[in-house]
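Colleague: Could you work out the structure for the sequence below:
(2 chains)
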Amino acid sequence: MTKSELIERIVERQNQLSVKDVELAIKTMLDHMAQTLAVGERIEIRGFGSFSLHYRSARLGRNPKTGESVDLSGKFVPHFKPGKELRESVNASIDD
Amino acid sequence: MALTKAELAERLYEELGLNKREAKEMVEMFFEEIRESLVHNEQVKLSGFGNFDLRDKRQRPGRNPKTGEEIPISARRVVTFRPGQKLKVKVEIYAGTDPE
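Modeller: Sure thing, here's the model as predicted:
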C-alpha cells in the first residue's frame, strides 16, 4: 500500500472529508511525526508501536570505489518497535 | 514527553480546522489502515517517511535464560520499519548527545 492508496482507503471509509482534506491530514501527521524524531523525541502510538532514535557510534568506513578509509561520525537513526497488538495480529496472519 | 495520538489529533484540529471528532477519527483511521494492510501481508510504503515491511522468520532454537532449558522459538511474521532517505537525513543531523 502506497501513500496515495492509503489516502484512497481513508476517503472511502468516511463521508465528511474530501480527498484533498485527507491528503493534507496525512501529510500533516507524517510531518509532525518526522519533526518529533528530528528533535530527538519519541512517538508512542498505543496498539501500534513506538518510534525512537538509536545511536550509531562513530566508525571507520571505507569508500567502496577507492578503498580509501573515511571517518564516519556518530549519528542517530529512526527505530520502530511494534506494539503488542500489531505484533500479535501480524503474527496471527502467518497461518492464513 | 512522547508524541501521542491525542497530540496528532490536536494538530489536525488547530492547523487544518477539522473538528475534534474528525481529527480523532482521522488519526485512528491512519494507524488502523496501516495495521490492516500489514495484517494482510501487504507492505506499506509512505514516501519520504519510510516503509513498513513484513518478514517471515523460520523456527529457531532458543533457550529459557533463567533455567537454561532449550525451547524452540516458533516460526513467526514480524513487522520491520525502514526509514526513508528524507527521514534519515532529518534525524541524523539531530545535535543531541549520545543517549547512553
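
Colleague: Helix or strand with the lowest mean pLDDT in chain A?
Modeller: When each helix and strand of chain A is scored by mean pLDDT, DSSP states H and E, strand A:69-72 comes last, with a mean of 87.

Colleague: which residue ranges form the helices in the chain?
Modeller: Answering for chain A, as no chain was given. Under the criterion DSSP state H, helices of chain A are mapped to A:3-13, A:19-38, A:84-92.

Colleague: look at chain B instead
Modeller: B:5-16, B:20-39, B:85-92.

Colleague: And for the shortest one, what's in contact with it?
Modeller: Outside helix B:85-92, the residues within contact range by CB atoms under 8 Å, 6 or more residues apart in numbering or on different chains are A:34-35, A:37-38, A:53, A:75-78, B:48-50, B:83. All C-beta atoms are positioned from the backbone trio N, CA, C, and that covers glycine.

Colleague: Any chance of CSV for those residues, columns neighbour count and pLDDT?
Modeller: Shown next, in CSV, are the contacts of helix B:85-92 (neighbours: other CB atoms under 10 Å in any protein chain shown; pLDDT from 0 to 100):
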residue, neighbour count, pLDDT
A:A34, 21, 97
A:Q35, 12, 96
A:L37, 24, 96
A:A38, 18, 94
A:L53, 20, 94
A:K75, 16, 89
A:F76, 23, 92
A:V77, 14, 94
A:P78, 24, 96
B:G48, 14, 93
B:F49, 22, 98
B:G50, 23, 98
B:P83, 21, 98
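
Colleague: Same list (those residues) but as JSON lines, adding distance to B:M26.
Modeller: Listed next are the contacts of helix B:85-92 as JSON lines, based on distance: CB to CB, whole Å:
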{"residue": "A:A34", "distance to B:M26": "18"}
{"residue": "A:Q35", "distance to B:M26": "18"}
{"residue": "A:L37", "distance to B:M26": "21"}
{"residue": "A:A38", "distance to B:M26": "22"}
{"residue": "A:L53", "distance to B:M26": "26"}
{"residue": "A:K75", "distance to B:M26": "33"}
{"residue": "A:F76", "distance to B:M26": "29"}
{"residue": "A:V77", "distance to B:M26": "29"}
{"residue": "A:P78", "distance to B:M26": "23"}
{"residue": "B:G48", "distance to B:M26": "19"}
{"residue": "B:F49", "distance to B:M26": "17"}
{"residue": "B:G50", "distance to B:M26": "20"}
{"residue": "B:P83", "distance to B:M26": "23"}
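
Colleague: re earlier: show me which of the helices of chain A has the highest average neighbour count.
Modeller: The highest mean neighbour count among the helices of chain A, using mean count of other CB atoms under 10 Å in any protein chain shown, belongs to helix A:19-38: a mean of 18.

Colleague: Skip the chain neighbours and tell me the closest residue to residue 75.
Modeller: Because you didn't say which chain, this covers chain A. Closest residue in space to A:K75, ignoring its immediate chain neighbours: B:E92 at 4.6 Å, by CB to CB, 6 or more residues apart in numbering or on different chains.

Colleague: Chain B was what I was after
Modeller: B:Q59 (4.6 Å).
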